[in-house]
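> Below are the sequence and a predicted model; questions follow.
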Amino acid sequence: MPILPRRWRLPYVALLAVVGLLLSTSALQAYRLSGGTRPWEPFLWEFSSIPAIGMLALGVHALMGRLRGQPRPRQLAVHALALPAFSGLHIAGMFGLRLLVYALVDVSYRPDPLPALLVFEGGKDAVTYISFCLISRGVWMAQAAAARAQELERARRELAEVRLARLADQVQPHFLFNTLNLISSVMYEDVARADRLLCQLADLLRQTLAAQQRAEQTLGEELALVEPFLALMQARFGPERLVVQIDADAAARACRLPALLLLAPVENAVKHDVARHRGRVTVGIAARLQAGRLRLGISNHGDTPVPEAAPDPEGGLGLRNLRERLQARYGDAARIEFGPDGAGMALRMELPCAS
């Protein structure tokens, strides 16, 4: 990585120019008060120093970068050699430029004797060098902290992706085993019906495999998986026992969410709640987009609940899996509630909508 990235070069030159103008303006006032007759001289004095200081500051920054992690005695020894070199280069560059300009305009210029220059300029250069070292150290520390933060964030994202993949992998076996159990209950009573259910299941599994490869899909695509599953369950229990209601507007259907997110809770609503009611059960899915957030609801209501079959307050394995997936994907930005709703149960989710 270059010491001064390309995008910072123009701002750096502009900063040096502004500093030079401010110093020159201040020096001009003192110059006029002392009786000076050439107003350009203060500008030459200051701007002869600024380019040399600007280049040397980059050199100090590079040196501080190379000294990172080195033993303290070695760093002190390097600085003891670098400080005189810094001052010597600054003095040589500054007075070399001044002498050149004065010669071009044919004006006599006599700097102070070299020992006096070394003492006067050397003292200022020592303060400047130490200041640059401290600033550079802070810059390198900030860059290192930013790099560590980026690496930590990348590791967190990778960990979240691995965790999401593991949780998603749990959905298909859980759903598949339950569905096969449902089909096995009718295969000896109605072979043709069991065969039809198996064909529907095969089609559904092909769709879920494709969805899992995408990892993320729109709510509309998710409902395209849920609807065949509910049709399969209606074929299993009969339309008189299981009524399906899906209400999702176009804006909500465009929101993206983790693939196979709804299959497990819908399966729970059918598997557990149809068994808990002797009569008709209505399973409803509602989705709305409000203020940039997707509000999803999955509910079930039965006509005659069985008193001794109390629902699992945690919603079973499928909903525990759902909670973990939402936490891994959205963190605190997602909300989920599950509990009684009149004569049935309701699951409500609120997620950020990424379309």
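Structure's in. What do you need?
> Name the nearest residue to residue 274, sequence neighbours excluded.
residue 281 (4.9 Å; C-beta to C-beta, 6 or more residues apart in numbering). (Glycine included, C-beta is placed from N, CA and C.)
> which residues does the one you found bridge with?
Judged by DSSP bridges, the bridge partners of residue 281 are residue 242, residue 302.
> Residue 240 versus residue 231, what's the distance?
15 Å (C-beta to C-beta, to the nearest Å).
> Can you tell me how far the residue nearest to residue 274 is from residue 225?
21 Å.
> Neighbour count for these two, which is higher?
For residue 281 versus residue 225, neighbours defined as other C-beta atoms under 10 Å are more numerous around residue 281 (25 against 21).
> how about that one, what does it touch?
Going by C-beta atoms under 8 Å, 6 or more residues apart in numbering, residue 281 touches 241, 242, 243, 270, 273, 274, 300, 301, 302, 303, 344.
> rerun that using 6 Å as the cut-off
Going by C-beta atoms under 6 Å, 6 or more residues apart in numbering, residue 281 touches 242, 273, 274, 300, 302.
> Report the secondary structure state of the fourth one.
Three states are possible here, and by DSSP: H, G, I helix; E, B strand; the rest coil the one that applies to residue 300 is strand.
> when you give positions from now on, start the count at 35
Right, with 35 as the first residue, what we last looked at is residue 334.
> quick one, strands of the stretch 135-284 of the chain?
With strands called from DSSP state E, counting those that start in this stretch, the stretch 135-284 of the chain shows them at 250-252, 276-282.
> shaky segments in the protein?
35-36, 191-210, 212-213, 216, 246, 306, 309-310, 338-352 (pLDDT under 70).
> now stretch 374-385: how far from the chain's centre is it?
Offset of stretch 374-385 from its chain centre (C-alpha atoms, centre = their mean, to the nearest Å): 32 Å.
> Tell me the buried residues in it?
Buried residues in stretch 374-385, defined by neighbour count with 16 or more other C-beta atoms under 10 Å: 378, 379, 380, 381, 382, 383, 384, 385.
> Show the contacting residues for residue 154.
Residue 154 neighbours (C-beta under 6 Å, 6+ apart): none.
> Swap in 10 Å and give it another go.
125, 146 (C-beta atoms under 10 Å, 6 or more residues apart in numbering).
> now the helices: where do they sit in the stretch 235-384 of the chain?
Along the stretch 235-384 of the chain, counting by DSSP state H, counting those that start in this stretch, helices occupy 253-271, 284-287, 297-309, 350-364.
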